[in-house]
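Novice: I need the structure of the sequence given here:
(2 chains)
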Amino acid sequence: MKKHYAKPSGKLLAELYISFFKIGALTFGGGLAMLPMLKRELVESKHWVTEEEILDMYAIGQCTPGIIAVNTATFVGFQKGGIPGGITATLGMVSPSLLIICLIASILKSFITLPAVQHALAGIRIFVCAMMMQTVVTMAQKGVKDKLGVFLFLAGFLTASFTPVPLALVVAASALVGIIAKRREAKQA
Amino acid sequence: MIYFQLIYEFFKIGLFAIGGGMATLPFLMDLTERYDWYTKAELTNMIAISQSTPGPVGINMATYAGYNAAGVFGAITATLALTAPALVIIMVIAKFLADFSENKAVQAAFYGIRPAVAALIGYAVWELVKISLSVTNGSQITGIDYPGAFICLASFGIMQIKYCRKLHPLVWIAAGAIIGILLKL
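Specialist: Below is the predicted model:
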């Protein structure tokens, strides 16, 4: 990894903004769904990073706070143009969402009282429930690997559902349990 | 002042929602308990729209939540506050910790965090299911919406087929809209 970062030119910052704006505007779903588009724009078209670097970034993105796709933008922007580059790329990535969502939200506000829109939303909500149930199943399959995982899953679910304990505390406590468990495992081995 | 509340809440979400966009959902659900920015039913609409428009889902949901709370400036405030913690953390990692994801302590922490994040999303989804598939009288749940529950379980069943699981969320959302209009749900 490069150690020195030159002061980025205005042209580079503009390019970073436009590239990530394009990625944000043309990909649906975020996360892994964004990978092909990131590859095409950043590796094949701009030659800013290699494919391996993007995959590494995804690995880091999964174990850092924040939105994975945005973290990738920050990372690439920072590598190319230091702190201003990181900020510019991040802003480029979130700009399309801001524009599109504000537009849709304001349109929906004036149509929400129509019966057809109400029926459509009621139907959509049912399918969102099914999709989200599927998300939980997939995430539990990936994340719950052993007895401790089952315990943390149940403890987390019950704590969130029936106690006023802040969710952030559940995340922090689970991280701590993971570290202690791995350390004991290492001692026993 | 609402902008300070937005900055505080979304900065916190940006710091503790680990593992991608959907990890923000339990925190967004939690906000419905403490603020009147949006209801749980509106949150379900926000998920549907965030999944069927371009851009990362987590950013779309934060933007929408901010918009509902305080209009366009609320949307900008929530989105920037959400991305701020990661912005700093990622730049620090990029500069100093090249092998961050291979670090033993980081891996051990994630061994604990992954099941917890799945559980928190499970909690948020259970809350969504409760309000979306029930008959309500104001905010009081009075019974189960049987047709809705049937459609939900049937579509969940169809999603277990490998081919169908890979379909884009937009397909399911369109199907939901059509069924909703046809059956006058």
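Novice: C-alpha from now on. contacts and neighbour counts both.
Specialist: OK.
Novice: Quick check: B:Thr142 vs B:Ser134, distance?
Specialist: In this view, B:Thr142 and B:Ser134 are 7 Å apart by C-alpha to C-alpha, to the nearest Å.
Novice: My reading is that B:Val135 lies in a strand. Confirm?
Specialist: Yes - the assignment for B:Val135 by DSSP: H, G, I helix; E, B strand; the rest coil puts it in a strand.
Novice: Around it, how many other residues sit close by?
Specialist: B:Val135: 17 surrounding residues under other C-alpha atoms under 10 Å in any protein chain shown.
Novice: so how far is stretch A:93-112 off the chain centroid?
Specialist: How far stretch A:93-112 lies from its chain's middle: 20 Å, per C-alpha atoms, centre = their mean, to the nearest Å.
Novice: Pull the residues that contact that stretch.
Specialist: With contact meaning C-alpha atoms under 8 Å, 6 or more residues apart in numbering or on different chains, stretch A:93-112 is reached by A:17, A:20-25, A:70, A:73, A:117-118, B:50, B:53-56, B:59-60, B:63-64, B:67, B:72, B:75-76, B:79.
Novice: Looking at B:Thr142 and B:Ser134, which one has more neighbours?
Specialist: B:Ser134 (17 against 11).
Novice: Got the domain ranges for chain A?
Specialist: A:10-111, A:115-188 (automatic domain parsing).
Novice: Could you identify which of those domains is most buried?
Specialist: domain A:10-111 (a mean of 20; mean count of other C-alpha atoms under 10 Å in any protein chain shown).
Novice: Which parts of chain A are strands?
Specialist: For chain A, the strands defined by DSSP state E cover A:28-29.
Novice: shaky segments in it?
Specialist: A:1-6, A:29-33 (pLDDT under 70).
Novice: mind listing the helices in chain A by residue range?
Specialist: With helices called from DSSP state H, chain A shows them at A:10-26, A:35-38, A:51-62, A:68-111, A:115-143, A:147-162, A:167-188.
Novice: Of all those helices, which one is nearest B:Ile89?
Specialist: When the helices of chain A are compared for distance to B:Ile89 using C-alpha to C-alpha, the nearest one is helix A:68-111, at 9.2 Å.
Novice: I'd like the distance between B:Ile49 and chain A.
Specialist: B:Ile49 sits 8 Å away from chain A, going by C-alpha to the nearest C-alpha, to the nearest Å.
Novice: Next, format the helices of chain A as CSV and append distance to B:Pro115.
Specialist: Output for the helices of chain A, formatted as CSV (distance: least, C-alpha to C-alpha, whole Å):
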stretch, distance to B:Pro115
helix A:10-26, 29
helix A:35-38, 24
helix A:51-62, 14
helix A:68-111, 18
helix A:115-143, 5
helix A:147-162, 5
helix A:167-188, 8
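Novice: Off-centre distance for whichever strand or helix holds B:Gly71?
Specialist: Using DSSP states H and E, B:Gly71 falls within helix B:57-96. Counting by C-alpha atoms, centre = their mean, helix B:57-96 is centred 14 Å from the centre of its parent chain.
Novice: and the angle for whatever helix or strand comes next after that helix with helix A:115-143?
Specialist: With elements assigned by DSSP H and E, the helix or strand that comes after helix B:57-96 is helix B:104-132. Counting by axes from the mean of the first three to the mean of the last three C-alpha atoms, to 10 degrees, helix B:104-132 points 150 degrees away from the direction of helix A:115-143.
Novice: List the buried residues of helix B:104-132.
Specialist: Within helix B:104-132, the residues scored as buried using 16 or more other C-alpha atoms under 10 Å in any protein chain shown are B:105-132.
Novice: Output the contacting helices and strands for the helix or strand B:Gln5 falls within.
Specialist: Taking DSSP H and E as the criterion, B:Gln5 maps to helix B:2-16. If contacts are counted by 3 or more C-alpha pairs under 8 Å, 6 or more residues apart in numbering or on different chains; DSSP states H and E, helix B:2-16 sits against helix B:57-96.
Novice: Pull the contacting residues for the spatially most central residue of chain A.
Specialist: Nearest to the geometric centre of chain A sits A:Ile67, at 2.5 Å (C-alpha atoms, centre = their mean). Applying C-alpha under 8 Å, 6+ apart, we find A:Ile67 in contact with A:Gly31, A:Gly61, B:Ile18, B:Gly19, B:Gly20, B:Gly21, B:Pro56, B:Gly58, B:Ile59, B:Thr83, B:Ala86.
Novice: which of those residues has the weakest pLDDT?
Specialist: When the contacts of A:Ile67 are sorted by pLDDT, the bottom entry is A:Gly31 at 66.
Novice: Hmm, A:Phe151 and A:Gly143 touching each other?
Specialist: No - assessed by C-alpha atoms under 8 Å, A:Gly143 is found out of contact with A:Phe151, at 12.0 Å.
Novice: Return every residue with contacts to both of those two.
Specialist: By C-alpha under 8 Å, 6+ apart, no residue touches both A:Gly143 and A:Phe151.
Novice: What is the neighbour count of the nearest residue to B:Gly74 once chain neighbours are set aside?
Specialist: Of all residues not flanking B:Gly74 in the chain, B:Gly66 sits nearest, at 4.5 Å (C-alpha to C-alpha, 6 or more residues apart in numbering or on different chains). The number of residues packed around B:Gly66, counting by other C-alpha under 10 Å, is 27.
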